[in-house]
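In: Structure for the following, please:
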Amino acid sequence: MTKTAHIAIGIIFLAVLGLSGCGVKGQLERPADAPKAPVADADGKKPHRSFVLDGLI
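Out: Purely as a prediction, here's the structure:
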């Protein structure tokens, strides 16, 4: 193999090794002090919830 091929394989190996730890912690959980999700009213409609990025505008 050429030197370029060895370098490419090494970079790919390091990338795979670095990404292999992603998602190991498990599923995300809602914090205990987080606000509850809005519930539907008698008509079955949920209250209006602003877009998640509206606060940045």
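
In: who touches the strand or helix carrying Thr4?
Out: Under the criterion DSSP states H and E, the helix or strand holding Thr4 is helix 3-19. Residues lying outside helix 3-19 but in contact with it, judged by CB atoms under 8 Å, 6 or more residues apart in numbering, are Met1. Backbone N, C-alpha and C define where each C-beta goes, glycine included.

In: Flag every buried residue along it.
Out: When neighbours are counted by 16 or more other CB atoms under 10 Å, no buried residue of helix 3-19 is found.

In: pLDDT of it, averaged?
Out: Averaged over helix 3-19, pLDDT sits at 88.

In: mind saving the C-alpha coords of that helix as CSV?
Out: Included here for helix 3-19 are C-alpha records, laid out as CSV according to Å, rounded to 0.1, in the frame of the first residue of the first chain:
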residue,chain,number,x,y,z
LYS,A,3,1.6,6.1,2.1
THR,A,4,-1.5,8.0,1.1
ALA,A,5,-3.6,4.8,1.5
HIS,A,6,-2.2,4.2,5.0
ILE,A,7,-3.0,7.8,6.0
ALA,A,8,-6.5,7.5,4.7
ILE,A,9,-7.1,4.2,6.5
GLY,A,10,-5.7,5.8,9.7
ILE,A,11,-8.0,8.8,9.5
ILE,A,12,-11.0,6.6,8.8
PHE,A,13,-10.1,4.4,11.8
LEU,A,14,-9.7,7.3,14.1
ALA,A,15,-13.1,8.8,12.9
VAL,A,16,-14.9,5.5,13.5
LEU,A,17,-13.2,5.1,16.9
GLY,A,18,-14.1,8.6,17.9
LEU,A,19,-17.8,8.2,16.9
